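# Structure of the sequence below:
(4 chains)
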2 protein chains.
Amino acid sequence: MSLTTVAGPPLLTHMPHHSTPLDLAFHALSDPTRRAVVSRLAEGEVPVSVLAEPFDMALPSFAQHLKVLEDCGLIASEKRGRSRWCRLVQTRFNEAADWMETERRSWAGRLDRLEVYLDKAERK
Amino acid sequence: MSLTTVAGPPLLTHMPHHSTPLDLAFHALSDPTRRAVVSRLAEGEVPVSVLAEPFDMALPSFAQHLKVLEDCGLIASEKRGRSRWCRLVQTRFNEAADWMETERRSWAGRLDRLEVYLDKAERK
DNA sequence: CAGATACTAAGGTATATGCCTTAGTATATT
DNA sequence: AATATACTAAGGCATATACCTTAGTATCTG
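Take a look at the predicted model:
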């Protein structure tokens, strides 16, 4: 028998995925159920059971979606009696929306510069 | 021995996940590498190898990210010689950005109505 | 207090994601 | 033609996601 170290499988040293708030927010919004919840909460506070009604899904599954939304800070909730009431949280949502608007403007900016360039070229 | 059917595990009949364009766009934006690519492409067309430079990642891994972006319509690409040149596609990005702005306004709308209500209540 | 209601915890399955490596193919460059 | 460059294909691994079910725990209602 041998006690020498046999070449084992290669060690994978992946960093555990460390997500930023923006990552988490966009991920949360990538699911139609969760977007629907966000939309619905524009009308104010709603208890979980009422939020869940429109969805053909077991309640624990729906609750997972709420957890995703809450973990990333898009919604907050509070238990009152036996119901949990959910509401939107503006700040996180705005961070994502602002990122998108910034990109949109940045792109428009390039087009503007291109137009200026074409204008000049034309006038030659 | 018995040939009678033993109660097997319950058959799972999940529909294969059918994602909408909005689902795919938000999913694509949930990764920092992909958002960086989108940001970078605001400056215009860029070949894959140049796009990939800043990232500490094997090229095939990076190419996967580009595929996600292209599959969901956020970018388009074209091969010229041995390089593939990528550019942003405005429409898909705008769909996502518009959804966010609509939500933002919808929420603001509620706050406005609340203010009106509080105003009235105050004046009583 | 018994039963209904509204979650919540725990654990299971199928699929997807994000990375990797190795091995191509197509197009320059020398 | 030989080599280098720029991807592209294929397959593997660890973890995450999106559902599910079953079994709790609180909190009302009668």
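# How about the residue of chain A found nearest DNA strand C, nearest residue that isn't a chain neighbour?
Closest to DNA strand C within chain A is A:Ser49: 2.6 Å, counting by Cβ to the nearest atom of the strand. The way it works is simple: take the backbone N, C-alpha and C, and place the C-beta from them, glycine included. Spatial nearest neighbour of A:Ser49, chain neighbours left out: A:Ser83 (6.6 Å); criterion: Cβ to Cβ, 6 or more residues apart in numbering or on different chains.
# Make sure that neighbour is actually in contact with A:Pro47.
Yes. With contact defined as Cβ atoms under 8 Å, A:Ser83 reaches A:Pro47; the gap is 4.0 Å.
# Just the residues contacting the host helix or strand of the residue of chain A closest to DNA strand C, thanks.
Assigned by DSSP states H and E, A:Ser49 belongs to helix A:48-52. Contacting residues not belonging to helix A:48-52 are listed as A:Val37, A:Arg40, A:Leu41, A:Leu59, A:Phe62, A:Ala63, A:Leu66, A:Ser77, A:Ser83, A:Arg84, A:Trp85, A:Cys86 [Cβ atoms under 8 Å, 6 or more residues apart in numbering or on different chains].
# Could you pull up the residues touching the first one?
Taking Cβ under 8 Å, 6+ apart, we find A:Val37 in contact with A:Leu51, A:His65, A:Leu66, A:Leu69, A:Ile75, A:Cys86.
# What's the separation between the closest residue to DNA strand D within chain A and B:Leu29?
Distance from DNA strand D to each residue of chain A (Cβ to the nearest atom of the strand) is smallest for A:Gly81, at 2.2 Å. Going from A:Gly81 to B:Leu29 by Cβ to Cβ, to the nearest Å gives 38 Å.
# Please identify which of these two sits among more neighbours.
B:Leu29 (28 against 7; other Cβ atoms under 10 Å in any protein chain shown).
# surely that one meets B:Arg35?
Yes. If you go by Cβ under 8 Å, B:Leu29 and B:Arg35 touch, sitting 5.7 Å apart.
# what sits in contact with each of the two?
A:Phe26.
# re the thing from before, among the contacts of A:Val37, the buried ones, what's the ChimeraX command?
Buried residues within the contacts of A:Val37, by 16 or more other Cβ atoms under 10 Å in any protein chain shown, are selected in ChimeraX with:
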select /A:51,65,66,69,75,86
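# In strands only, show me the contacts of A:Val37.
Of the contacts of A:Val37, the ones assigned to strands by DSSP state E are A:Ile75, A:Cys86.
# okay, and the helix or strand of chain A with the least pLDDT?
Scoring the helices and strands of chain A by mean pLDDT, DSSP states H and E places helix A:90-123 at the bottom, with a mean of 80.
# how about low-confidence regions in chain A?
Where chain A drops to pLDDT under 70, the residues are A:1-17, A:111-124.
# what does chain A have sitting close to DNA strand D?
Residues of chain A lying near DNA strand D by Cβ under 7 Å from any atom of the strand: A:12, A:14, A:16-17, A:27, A:30-31, A:33, A:56-58, A:60-61, A:64-65, A:68, A:79-82.
# just the residues you listed that are near chain B?
Counting by Cβ under 8 Å from any Cβ of the partner chain, A:His27, A:Ser30, A:Asp31 from the residues of chain A next to DNA strand D sit close to chain B.
# Is it possible to get CSV of these that adds secondary structure and neighbour count?
Putting these into CSV (DSSP: H, G, I helix; E, B strand; the rest coil; neighbours: other Cβ atoms under 10 Å in any protein chain shown) gives the following:
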residue, secondary structure, neighbour count
A:His27, helix, 18
A:Ser30, coil, 22
A:Asp31, coil, 17
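# from those residues, which is closest to A:Gln90?
Nearest to A:Gln90 out of those is A:His27 (Cβ to Cβ; 18.9 Å).
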